[in-house]
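# could you look at this predicted model? Sequence included:
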Amino acid sequence: MIHTILQMLKQTALVFFALALLLSGGTIDFVFAAPADPSLQAEIDAKNQELEQINKEIVDTQSKLQETQAQRQTLSSEVSRIKSNISQINLGIKSSEVAVDKLTLEIRSLQGDIGNAEVDISQKQIAVGELLRQIQQEDSDGMLFVLLKNNTLSDSLFEMQALRDLYSSLLVHIEELNTSKTHLENVLVSASTKKQDKTTEQINLQNRKVISENLKKDQETFLAEVKNKEQAYNDYVDELTARQIAIAQEIADIEARLTEKIDFKNLPEKLPGLLQTPISKGLYIITQGYGATAFARKMYASGFHNGVDLGAPVGTPIYASEDGVVLAATNQDKYCYKGAYGRFVAIKHYMGLTTLYAHMSLFVVKQGDSVKRGDLIGYVGNSGLATGAHLHFGLYDSETFYIGPSKSCGPQMPFGGHINPYNYTIF
């Protein structure tokens, strides 16, 4: 029995020795945790409440923006939309700032938990060591010697029972030690995750500030060009609408021919979930599906929508759906303002599929970059032909997909045989 216990203790001790080295930077020292700060949790709770309120305001703003999407563009309505987008991204900035503060507090709290767990483990190790010393001392005589040295059988049985009690107590302490070890490991994982979340939110914060500045510059340029020119703006909208129809028809005609060329035998079997949803669950609503939707039949000459639209606030992160290489990351608004996809990213994946992410407010990758599934590639916006903030997510057969010139909309237009994103993505 003593051999078995020693083996268990040896395994446990090795684990804690490694953890102790990791936590202490190479030397083992006893750590005495500071008492828990009762005000720390109160601060975390306050930040949670503030974050919930900001996110509610973002959702409310998004709902109001979506209500205006179907309205005719007028000078006043367009000015209102621009201002609302700026307000929304500024709320996003505030959300990131509060989230960073909250995560900083949570990391501090977890550091306190780590210290307490270390103290708990140290105390249990001392208790186990003392029990082991007692067992070794009592067990060194051997059972036969115990029987012979005592005057009565009852005395011998009593001594052997005491030894068994020590064994039982040691097993309990070892189990408690293992439980403490598991708790410490979980807290260390939580602390590491919180640190990663904080880094991610700091990146979002900086990028959202860039988006805000870009939107403010766009507003200044727009107001300077159309100030007090309501009729001129209406004429401009009519011209823009006619151009948008021509661009949409060109895309539809080319893609209809390319879609006929798709060899589905070279594509993966339909498997929803093969591609990751490009926006995190709960942060978007589907505003238009793939195919001959009611909106497409009403608004597009082709009567067909070649992707899925995910409505989300300006500045919402967009992630790569799978490993791949960036084929293009460009801004069509520079040469074809409000004509088509605006800021878009196209990624070629390794299973014969290519994904398109359009109407971004900012992209953070460039042509030729290798990306992994779940990597940040940009943020939701309403660039290109979009009255409201959303992500247009398109899926194509890589063999038919290319970036080429458009006779209606400049030098870089994505074309390809399109596929229903629902075949490979769970929305």
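Looks like it came in fine.
# in this protein, where is pLDDT below threshold?
Low-confidence segments of the chain (pLDDT under 70): 1-36, 66-73, 131, 134-167, 169-170, 173, 225-230.
# what's the domain layout of this structure?
Per the record, the chain has its domains at 2-217, 229-423, by automatic domain parsing.
# which of those sits most buried?
Neighbour counts (mean count of other Cβ atoms under 10 Å) averaged over each of these peak at domain 229-423, with a mean of 19. Where you see a C-beta, it was placed from the backbone N, CA and C, and this is true even at glycine.
# for the most centrally placed residue in the chain, which non-adjacent residue is closest in space?
Geometric centre of the chain, nearest residue: residue 280, 6.2 Å, by Cα atoms, centre = their mean. Spatially, and ignoring its direct neighbours in sequence, residue 280 is nearest to residue 317 (7.2 Å; Cβ to Cβ, 6 or more residues apart in numbering).
# rewinding a little: the residue nearest to the centre of the chain touches residue 312, doesn't it?
No: judged on Cβ atoms under 8 Å, residue 280 makes no contact with residue 312 at a distance of 9.3 Å.
# same for the lengthiest helix in the chain, what does it pack against?
Longest helix in the chain by number of residues (criterion: DSSP state H): helix 153-226. Applying 3 or more Cβ pairs under 8 Å, 6 or more residues apart in numbering; DSSP states H and E, one finds that helix 153-226 contacts helix 2-24, helix 75-139, helix 143-149, helix 230-260, strand 353-363, strand 376-380.
# tilt between that helix and strand 353-363?
If you take axes from the mean of the first three to the mean of the last three Cα atoms, to 10 degrees, helix 153-226 sits at 70 degrees to strand 353-363.
# thinking again about what came up before, could you dump the domains of the chain into JSON lines and include distance to residue 223?
JSON lines is the format used below for these (distance: least, Cβ to Cβ, whole Å):
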{"stretch": "domain 2-217", "distance to residue 223": "7"}
{"stretch": "domain 229-423", "distance to residue 223": "11"}
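# would you list the helices and strands packed on helix 153-226 in CSV and tack on distance to residue 46?
Formatted as CSV, the helices and strands packed on helix 153-226 follow (distance: least, Cβ to Cβ, whole Å):
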stretch, distance to residue 46
helix 2-24, 30
helix 75-139, 9
helix 143-149, 64
helix 230-260, 46
strand 353-363, 30
strand 376-380, 28
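# of these, which is nearest residue 338?
Taking Cβ to Cβ, helix 230-260 is the member of the helices and strands packed on helix 153-226 nearest to residue 338, at 5.9 Å.
# so which elements touch the closest one?
Other helices and strands packing on helix 230-260, by 3+ Cβ pairs under 8 Å, 6+ apart, are helix 75-139, helix 153-226, strand 413-415.
# pairing partners for the shortest one, with directions?
Using DSSP bridges, strand 413-415 pairs in its sheet with strand 402-404 (antiparallel).
# what are the contacting residues of the partner strand?
Residues outside strand 402-404 that contact it (Cβ atoms under 8 Å, 6 or more residues apart in numbering) are 327, 328, 346, 412, 413, 414, 415, 416.
# one more time with 6 Å, if that's ok
328, 412, 414, 415 (Cβ atoms under 6 Å, 6 or more residues apart in numbering).
# likewise stretch 294-305?
By Cβ under 6 Å, 6+ apart, stretch 294-305 touches 248, 249, 252, 288, 292, 293.
# the helices in the stretch 251-400 of the chain, which residues?
294-299 (DSSP state H, counting those that start in this stretch).
# how far away is the residue nearest to the centre of the chain from residue 339?
Distance of residue 280 to residue 339, given as Cβ to Cβ, to the nearest Å: 29 Å.
# what does residue 426 give?
Applying Cβ to Cβ, the value for residue 426 to residue 339 is 32 Å.
# next one: residue 353
26 Å.
# go on, residue 378?
Separation of residue 378 from residue 339 (Cβ to Cβ): 19 Å.
# hmm, back to that, what residues are bridge-paired with the residue nearest to residue 280?
Beta bridges link residue 317 to residue 379 when assigned by DSSP bridges.
# just to revisit the earlier point, who touches both of residue 280 and residue 312?
Here residue 280 and residue 312 share no contacting residue, scored by Cβ under 6 Å, 6+ apart.
# what's the angle between the longest helix of the chain and helix 75-139?
170 degrees.
# how far off centre is helix 153-226?
Distance of helix 153-226 from the chain centroid (Cα atoms, centre = their mean, to the nearest Å) equals 17 Å.
# could you do stretch 52-66 as well?
Distance of stretch 52-66 from the chain centroid (Cα atoms, centre = their mean) equals 20 Å.
# other residues contacting it?
84, 88, 91, 94, 95, 313, 388.
# one more time with 7 Å
81, 84, 87-88, 91-92, 94-95, 98, 311, 313, 388-389 (Cβ atoms under 7 Å, 6 or more residues apart in numbering).
# dump that stretch to PDB, restricted to CA.
Output of stretch 52-66 as PDB, limited to C-alpha atoms (Å, rounded to 0.1, in the frame of the first residue of the first chain):
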ATOM      1  CA  GLU A  52     -24.500  46.300 -21.600                       C
ATOM      2  CA  GLN A  53     -25.900  49.800 -21.800                       C
ATOM      3  CA  ILE A  54     -23.500  50.800 -24.600                       C
ATOM      4  CA  ASN A  55     -24.200  47.600 -26.600                       C
ATOM      5  CA  LYS A  56     -28.000  48.200 -26.200                       C
ATOM      6  CA  GLU A  57     -27.500  51.700 -27.700                       C
ATOM      7  CA  ILE A  58     -25.500  50.200 -30.600                       C
ATOM      8  CA  VAL A  59     -28.400  47.700 -31.300                       C
ATOM      9  CA  ASP A  60     -31.000  50.600 -31.100                       C
ATOM     10  CA  THR A  61     -28.900  52.600 -33.500                       C
ATOM     11  CA  GLN A  62     -28.600  49.600 -35.900                       C
ATOM     12  CA  SER A  63     -32.400  49.100 -35.800                       C
ATOM     13  CA  LYS A  64     -33.100  52.700 -36.700                       C
ATOM     14  CA  LEU A  65     -30.500  52.600 -39.600                       C
ATOM     15  CA  GLN A  66     -32.100  49.400 -41.000                       C
END
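# name the nearest residue to residue 371, sequence neighbours excluded.
Counting by Cβ to Cβ, 6+ apart, residue 320 is the residue found nearest to residue 371 once chain neighbours are left out, at 4.4 Å.
# ok, now residue 200?
Leaving aside its sequence neighbours, residue 200 sits nearest to residue 376 (Cβ to Cβ, 6+ apart; 7.9 Å).
# so what's residue 331 up against?
342, 343, 383.
# Serialize these to JSON lines and add fields for distance to residue 406.
Output for the contacts of residue 331, formatted as JSON lines (distance: Cβ to Cβ, whole Å):
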{"residue": "342", "distance to residue 406": "14"}
{"residue": "343", "distance to residue 406": "16"}
{"residue": "383", "distance to residue 406": "16"}
